[in-house]
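Asker: just to be clear, the model below is a prediction. Sequence and coordinates:
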Amino acid sequence: MSKAHGAVSKMLDELEKLVEDNEKTTMGEIVEVLGQRSFGPFLLLPALLEMSPVGGIPGVPTALAAIIVLFAAQIVMGRKHMWLPGFLERRSLRTKRIGKAMPFLRKAGSFLDRWFHGRMKTLTQGAWLRGAAICVIVLALTVPPLELLPFASTAPMAAIAAFGLAMLVGDGLLMLAAFLCAGLAFAVGFGMIGRG
């Protein structure tokens, strides 16, 4: 396990412990582990998974986008704790897949912890938080058509990851950068959809 103490590395430590201790896990158990932190992990982790080699598996980007929409909608509604429908909460996952993505997630987490930390924290709360969640929903809705082009869905997922990280580490400057990334992702996404 990582010895880094940043917010992302701590989240990955908790996820890795869950993965190491079990051959299978449920979505509910993952949400429980991540739920001790802010809303950020619920957006960051699926987005990072999509940007890993796992995102190249057909159907995975769309499934991850659907999960992101579910979580972002709860942020918009002002929920204090994340909720999953029973059928998703009980959904069993082989931890082997998550374990395979862990080296990529660790590298990304280490980089993110080094560069991003709480600045202009006000921009990660209240109306800013809800505005970011609405933007995340729109970005996630661009993923299914983009999935037809290999790794094209990485652009919106990168912006979603930036929003999730900004929420996780309470970094308002990163939140502003995430809004800029979202604008670029929309331009790239709609350009690709228009050409396709």
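Answerer: Yep, that arrived. Numbering: from 1, shown residues only.

Asker: I'd guessed Ala159 sits against Ala187; true?
Answerer: No - contact between Ala159 and Ala187 fails when scored by CB atoms under 8 Å: they sit 11.1 Å apart. Every C-beta, even on glycine, is put in place using the N, C-alpha and C of the backbone.

Asker: so if I had to pick from those two, which one is more boxed in?
Answerer: Using other CB atoms under 10 Å as the criterion, Ala159 and Ala187 rank with Ala159 on top: 28 against 11.

Asker: distance check, that one against Leu123.
Answerer: Going from Ala159 to Leu123 by CB to CB, to the nearest Å gives 16 Å.

Asker: distance check, the residue nearest the centre of the chain against Leu174.
Answerer: Nearest to the mean C-alpha position of the chain, counting by CA atoms, centre = their mean, stands Leu44 at 2.3 Å. Leu44 sits at a distance of 11 Å from Leu174 (criterion: CB to CB).

Asker: same question, Leu34
Answerer: With CB to CB as the criterion, Leu34 and Leu174 are 19 Å apart.

Asker: the two: who's more crowded?
Answerer: Leu174 (25 against 22).

Asker: just the CA coordinates for the helix or strand containing that one, please, in CSV.
Answerer: Using DSSP states H and E, Leu174 sits within helix 172-195. Provided in CSV are the C-alpha atoms of helix 172-195 (Å, rounded to 0.1, in the frame of the first residue of the first chain):
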residue,chain,number,x,y,z
GLY,A,172,-11.4,25.9,-5.7
LEU,A,173,-8.7,26.7,-8.2
LEU,A,174,-8.9,23.2,-9.5
MET,A,175,-12.7,23.6,-9.6
LEU,A,176,-12.3,26.6,-11.9
ALA,A,177,-9.9,24.6,-14.1
ALA,A,178,-12.5,21.7,-14.2
PHE,A,179,-15.1,24.1,-15.6
LEU,A,180,-12.5,25.1,-18.3
CYS,A,181,-11.8,21.4,-19.0
ALA,A,182,-15.5,20.8,-19.3
GLY,A,183,-15.8,23.5,-21.9
LEU,A,184,-13.0,21.9,-23.9
ALA,A,185,-14.5,18.4,-23.5
PHE,A,186,-17.9,19.7,-24.8
ALA,A,187,-16.2,21.2,-27.8
VAL,A,188,-14.2,18.0,-28.5
GLY,A,189,-17.1,15.7,-27.8
PHE,A,190,-19.7,17.5,-29.9
GLY,A,191,-17.1,17.9,-32.7
MET,A,192,-16.5,14.2,-32.7
ILE,A,193,-20.2,13.3,-32.5
GLY,A,194,-20.9,15.8,-35.4
ARG,A,195,-18.2,14.2,-37.6
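
Asker: I'd like to know which helix or strand in this protein has the lowest mean pLDDT.
Answerer: Using mean pLDDT, DSSP states H and E, strand 92-94 stands out as the lowest-scoring helix or strand of the chain, at a mean of 76.

Asker: packing partners of that one?
Answerer: The elements that strand 92-94 packs onto, with contact taken as 3 or more CB pairs under 8 Å, 6 or more residues apart in numbering; DSSP states H and E, are strand 24-26.
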